[in-house]
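what's the 3D shape of this:
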Amino acid sequence: MNLKDYIDILKRRGWIILAAAVLTAIAAYGLSGLQKPLYRATVNMNVEPARPDWGLSNTLKDLMRLYAANITTDKMASRVISHEQLDMSPDTFRSKIHVSPDAATYTIRIDAEDSDPKVAMQLAQATAEEFELERSERNKDLDKRDRIYVTIRDNVRYASKIRPKPKVNMVAGGVLGLIIGSLIVFFMEWAETDILRSPEETEKALGVPILGAVPPHGTTRI
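Here you go, the predicted model:
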């Protein structure tokens, strides 16, 4: 197929692609209104060894995974719930907290998600403060040279909305519609590959020139 063939296809069936894109975009926008709002608050924590020792720094990289696991334990959840007087179970609390250690930058990221932005901020900040306090208490039993300090880099300042995002969903729905519409048109064209629509296509298929043609029904020639 050449460029002219593709242009002809778009002229005949382009409306199918556009209709599919519009319909899926509208559907995605409508479904966004049915989603329950969800907000995310983030706190980053620094993890630093007491001295610039190569062995201690490498040990720290392994410990960071352990620290991340400790933050999401029932013990930690119960302490935060008690301190903040939250009306939720440890299981519910842990389902709202996500911890990501980054050994390359020696940081631990704590994300808290909730339908209320204020609750999300409270969960993230309280969890970071509780873990910072826990590490501070444990450092008291260690030699100063072997201590690992965990501190909050920045206090939580806001909670970002992660859903729904109607505009993003509408664009994604439109793109999906374009793909679906294109596949429908492709299938329709494939199903009609044996149909000859013009004298040029007939000549090409038969390999002989067309000398005449039967006029359409109802056409009168003088």
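
in the protein, which ranges drop under the pLDDT threshold?
Scanning the chain for pLDDT under 70 picks out 1-2, 5, 53-57, 192-222.

for it, what spans make up the helices?
3-32, 54-71, 74-84, 90-96, 117-139, 166-191, 199-206 (DSSP state H).

tell me what the second one is packed against?
Helix 54-71 is packed against strand 38-49, strand 97-102, strand 107-114, helix 117-139, strand 148-152, with contacts defined by 3 or more C-beta pairs under 8 Å, 6 or more residues apart in numbering; DSSP states H and E. The way it works is simple: take the backbone N, C-alpha and C, and place the C-beta from them, glycine included.

let's see it at 10 Å
strand 38-49, helix 74-84, strand 97-102, strand 107-114, helix 117-139, strand 148-152 (3 or more C-beta pairs under 10 Å, 6 or more residues apart in numbering; DSSP states H and E).

which other residues reach it?
Residues external to helix 54-71 that are found in contact with it (C-beta atoms under 10 Å, 6 or more residues apart in numbering): 45, 47-51, 53, 76-77, 80, 94, 97-104, 106-110, 127-128, 130-131, 134-135, 145-148, 150.

which of those count as buried?
Neighbour-count burial (16 or more other C-beta atoms under 10 Å) applied to the contacts of helix 54-71 gives 45, 47, 49, 76-77, 80, 94, 97-99, 101, 103, 106-110, 127-128, 130-131, 134-135, 147-148, 150.

what's the domain layout of the protein?
3-34+166-203, 38-163 (automatic domain parsing).

which one of those is the most hemmed in?
domain 38-163 (a mean of 16; mean count of other C-beta atoms under 10 Å).

from residue 120, how far out is the residue nearest the centre of the chain?
Nearest to the mean C-alpha position of the chain, by C-alpha atoms, centre = their mean, lies residue 162 at 9.2 Å. Residue 162 is 10 Å from residue 120, where distance means C-beta to C-beta, to the nearest Å.

and stretch 143-153, how far from the chain's centre?
Relative to the chain's own centre, stretch 143-153 is displaced by 35 Å; criterion: C-alpha atoms, centre = their mean, to the nearest Å.

show me the contacts for the closest residue to residue 172 other than its chain neighbours.
Distances taken as C-beta to C-beta, 6 or more residues apart in numbering place residue 28 nearest to residue 172, at 6.4 Å, with adjacent residues excluded. Contact partners of residue 28, counting by C-beta under 10 Å, 6+ apart, are 164, 166-177.
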